[in-house]
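Asks: Just to be clear, the model below is a prediction. Sequence and coordinates:
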Amino acid sequence: MKKLLFIIISLLLVMNGFGQEMMTGLSYNMGTTAGETRDFVTDYSWRGFGFEVRSFRGDNFSVGGSFSWNIFDEKTGEVIQLQKTRGAASGTQIRYINSFPLMLNAHYYFGDPASRVQPYVGLNVGTYYITQRLEIGIFALEENNWHFGLAPEIGLMFPTYSGSIFFVNARYNYAFKAGQSVGGREGSDWQYWGFNVGIAFSYNAW
């Protein structure tokens, strides 16, 4: 909770300190797991959403913040090693990962903002609240942990004449080790690719 409050307060300070031209966006988020996270869930995720605000400093740089939710799930019969003293489990399982990143970010934009396509790169830094759940019949195991993490990003923006902006981006999310997993990994980290499409609106804050 302290991490969550710190991120929210920092975001508000950033917005107040740099508020000029603003952009607010909503996105539909998809993704696929990476690294050791794929040992738990391998299926592609079609469920997620995101919200973000960016404050521009000139034409080529912005700072801001974002919140999103990615859901990964899979039905499998693979054997899984459970937390230390619980042995292993086989049989039909439903595995879930819910990831809630709350991030501060900075982006750099290439080219003329008046052009029809504008590429950009960015870095998101903040905290992830991650829930891992394993259901086997009537039994369920669950681990919930806060993680510090970061997500480098590349994307494209497509401004329209109406003032709205369509965008697509890819983020590599890396939540550093904290707590443990239902599979017994101490200091479990989580990694996944996020592929997002959305619409944003730009305006002057004041």
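Replies: Sure thing, it's come through.
Asks: Low-confidence ranges, the chain, go.
Replies: Judged by pLDDT under 70, the chain has its weakly predicted residues at 1-19, 81-90, 183-187, 205-206.
Asks: Select the longest strand from it.
Replies: strand 139-159 (DSSP state E).
Asks: Count the neighbours of the residue nearest to residue 47 when sequence neighbours are not counted for me.
Replies: Nearest residue to residue 47 in three dimensions, chain neighbours excluded: residue 71, at 4.2 Å (CB to CB, 6 or more residues apart in numbering). For glycine as for every other residue, the C-beta is placed from the backbone atoms N, C-alpha and C. A count of nearby residues for residue 71, using other CB atoms under 10 Å, gives 17.
Asks: which ones are touching residue 71?
Replies: By CB atoms under 8 Å, 6 or more residues apart in numbering, residue 71 lies in contact with 45, 47-48, 96-99.
Asks: That one - that's part of a strand, no?
Replies: Yes: judged by DSSP: H, G, I helix; E, B strand; the rest coil, residue 71 forms part of a strand.
Asks: Residue 58 versus that one, what's the distance?
Replies: For residue 71, the distance to residue 58 equals 37 Å [CB to CB, to the nearest Å].
Asks: does the residue most central in space within the chain have beta-bridge partners, and which?
Replies: By CA atoms, centre = their mean, the mean C-alpha position of the chain lies nearest to residue 101, the distance being 4.7 Å. Beta bridges link residue 101 to residue 128 when assigned by DSSP bridges.
Asks: Could you check how far the residue nearest to residue 47 is from residue 108?
Replies: Counting by CB to CB, the gap from residue 71 to residue 108 is 30 Å.
Asks: swap in residue 149?
Replies: When residue 149 is compared with residue 108 (using CB to CB), they lie 21 Å apart.
Asks: Over to residue 137?
Replies: Taking CB to CB, one finds residue 137 at 51 Å from residue 108.
Asks: out of these two, which sits in the busier spot?
Replies: Applying other CB under 10 Å to residue 137 and residue 108 shows that residue 108 carries more neighbours, namely 12 against 9.
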